[in-house]
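J.: The sequence and its predicted three-dimensional model are supplied below.
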Amino acid sequence: MTKADIVQEISNKTGIDKNDVLAIVEGMMGTIKNAMEKGENVYLRGFGSFIVKKRAEKLGRNILAKTTVTIPAHYIPSFKPAKEFLEGVKEKVKVAEHA
């Protein structure tokens, strides 16, 4: 499913113009992105959490040059689904596979 599919589905269900829905969806994504770029976590009850995780410094290998390089500590975005969301996916995808 793409962003365009999401916009179309919301527009069909609500009757709101697709351009208005697109602005809302992009606004939500931008708000989440901006919060995470500031190091803030975003919690959407019943859906999940967008969490900023810190990766520790580690050693990596450049196989072609046969050298070891240090990969500095850095932050990455992560998503943790809510319990009911996770359980719903587990149950419904399993049922869909057997259909």
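T.: Okay, I see it. Numbering: from 1, shown residues only.

J.: ranges for the helices of this protein?
T.: Listed in chain order, the helices of the chain (DSSP state H) span 3-14, 18-37, 83-98.

J.: closest to P77 out of the ones you listed?
T.: Smallest distance to P77 across the helices of the chain (CB to CB): 5.3 Å, for helix 18-37. Using the backbone N, CA and C atoms, a C-beta is placed for each residue, glycine as well.

J.: Next, the buried residues of that closest one.
T.: For helix 18-37, a neighbour-count test (16 or more other CB atoms under 10 Å) marks 21-22, 36 as buried.

J.: ok so, going back, select from the helices of the chain the stretch with the lowest mean pLDDT.
T.: Ranked by mean pLDDT, the helices of the chain bottom out at helix 83-98, with a mean of 86.

J.: Only alpha carbons, please: show it as PDB.
T.: The C-alpha coordinates for helix 83-98 follow below in PDB (Å, rounded to 0.1, in the frame of the first residue of the first chain):
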ATOM      1  CA  LYS A  83       0.100  -4.800  21.500                       C
ATOM      2  CA  GLU A  84      -3.400  -4.900  19.900                       C
ATOM      3  CA  PHE A  85      -2.000  -3.900  16.500                       C
ATOM      4  CA  LEU A  86       0.600  -6.600  16.700                       C
ATOM      5  CA  GLU A  87      -1.800  -9.300  17.700                       C
ATOM      6  CA  GLY A  88      -4.300  -8.200  15.000                       C
ATOM      7  CA  VAL A  89      -1.600  -8.600  12.300                       C
ATOM      8  CA  LYS A  90      -0.500 -12.000  13.600                       C
ATOM      9  CA  GLU A  91      -4.100 -13.300  13.600                       C
ATOM     10  CA  LYS A  92      -5.400 -11.800  10.400                       C
ATOM     11  CA  VAL A  93      -2.400 -12.500   8.200                       C
ATOM     12  CA  LYS A  94      -2.400 -16.100   9.300                       C
ATOM     13  CA  VAL A  95      -6.100 -16.400   8.400                       C
ATOM     14  CA  ALA A  96      -5.500 -14.700   5.000                       C
ATOM     15  CA  GLU A  97      -2.700 -17.200   4.200                       C
ATOM     16  CA  HIS A  98      -5.000 -20.100   4.600                       C
END
